[in-house]
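Peer 1: Here's a sequence, model it:
(one chain, ligands or ions: 1)
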Amino acid sequence: MTGGPLLAVRDLTVTAGAVSLVRDIALDVPAKGVVALLGRNGAGKTTTLRGILGLAPRGGRVTGSVCLDGGEQAGRLTHQIVRSGIGYVAENRGLFGALTVAENLRLAEPRHGEPDYDRVFAVFPELKDRARQRAGTMSGGQQQMLALGRVLLGRARLLLVDEPTKGLAPKIVTEVAEVLAHLAEAVPILLVEQKLAAVRRLARTAVVLTDGHVAFTGAARTLMEDPELVRSLLGVGSAGHTREVAS
Ligand SMILES: Nc1ncnc2c1ncn2[C@@H]1O[C@H](COP(=O)(O)OP(=O)(O)OP(=O)(O)O)[C@@H](O)[C@H]1O
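Peer 2: Residues are numbered from 1 along each chain as shown. So this is what the prediction gives:
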């Protein structure tokens with residue numbers, strides 16, 4: 001460890017053709033805890049996570065600096081960045097519903113190095129108990145656990161997690177927030193999340209994007225305790241959650 005943040009992103013710009021989808025993004029993720037990445041629909045949250053992994057839309061570019069524990073990742077290929085320890089859990093979770101928990105984990109084993117099953121089962125013992133259950137028959141919270149477990153298997157040192165509660169019933173949202181709180185004790189998380197109750201529960205720091213740039217960085221509590229700020233940045237009351245895209 002360098003003593004600085006585990007992840008330091010500076011001047012991150014992602015283009016699609018001549019258009020900048022996000023520009024000059026700066027954010028830090030410390031070695032412990034959850035940083036929430038917030039913003040209205042289309043503000044650039046997913047684009048930022050993908051940009052950290054070096055991914056741009058077809059015909060686009062990623063520029064800027066992404067340092068993991070002091071090591072520059074910009075310019076490297078995505079699989080190299082992942083291998084350095086940045087795990088990504090996409091919005092759709094990427095699970096195979098017809099396969100068992102054990103099979104889903106096996107498919108996620110890293111090609112280089114030993115899979116760390118001990119770490120996965122230490123954080124999520126339930127996955128061991130459910131090894132033979134088909135992923136598609138598990139609850140939303142259990143599926144999220146499996147999606148996160150798959151990334152831990154590859155020895156991720158930091159997780160980028162995109163809207164893990166999207167489309168879930170309120171009870172399951174609470175379940176997923178518990179899963180993430182538990183996980184955050186083992187690995188730091190940069191979390192895209194629209195449900196402010198979950199953000200309040202999990203995040204110490206919040207970064208808010210507006211139209212592709214950073215409009216707020218600070219204590220999550222400072223943001224949440226200022227209804228006017230929440231309304232102006234996120235377009236909702238602080239008790240609610242931002243509108244989800246109809247899908
Ligand atoms: N492949 C692409 N080509 C061109 N524009 C894109 C592409 N992907 C996303 N965009 C645009 O980039 C902007 C940011 O999209 P992004 O998905 O990052 O937003 P978001 O904050 O994650 O939104 P949401 O909360 O709705 O998921 C949007 O205006 C979107 O239309």
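
Peer 1: List the beta-bridge partners for the residue nearest to the spatial centre of the chain.
Peer 2: Closest residue to the average C-alpha location of the chain: residue 161 at 1.7 Å, with C-alpha atoms, centre = their mean. On the basis of DSSP bridges, residue 161 is bridged to residue 89, residue 191.

Peer 1: where does residue 169 fall, phi/psi-wise?
Peer 2: phi -70, psi 150 (degrees, to the nearest 10).

Peer 1: And the pLDDT at it?
Peer 2: Residue 169 carries a pLDDT score of 79 in this model.

Peer 1: thinking it is in contact with residue 141, fair?
Peer 2: No. Shown here, residue 169 and residue 141 do not form a contact pair, counting by C-beta atoms under 8 Å, at 10.0 Å. (Each C-beta comes from the backbone N, C-alpha and C, glycine too.)

Peer 1: Return the distance of the residue nearest to the centre of the chain relative to residue 49.
Peer 2: From residue 161 across to residue 49, the span is 8 Å (C-beta to C-beta, to the nearest Å).

Peer 1: Need the overlap of contacts for the two.
Peer 2: Counting by C-beta atoms under 8 Å, 6 or more residues apart in numbering, the shared contacts of residue 161 and residue 49 are 190, 192.

Peer 1: Who has more neighbours out of residue 169 and residue 141?
Peer 2: Higher neighbour count among residue 169 and residue 141: residue 141, with 22 against 12, using other C-beta atoms under 10 Å.

Peer 1: Excluding residues flanking it in the chain, which one is nearest that one?
Peer 2: residue 175 (3.3 Å; C-beta to C-beta, 6 or more residues apart in numbering).

Peer 1: can you confirm residue 112 is in a strand?
Peer 2: No. Assessed with DSSP: H, G, I helix; E, B strand; the rest coil, residue 112 is coil; it does not lie in a strand.

Peer 1: Quick check: it touching residue 83?
Peer 2: Yes. The pair formed by residue 112 and residue 83 meets the contact definition of C-beta under 8 Å, at 6.6 Å.
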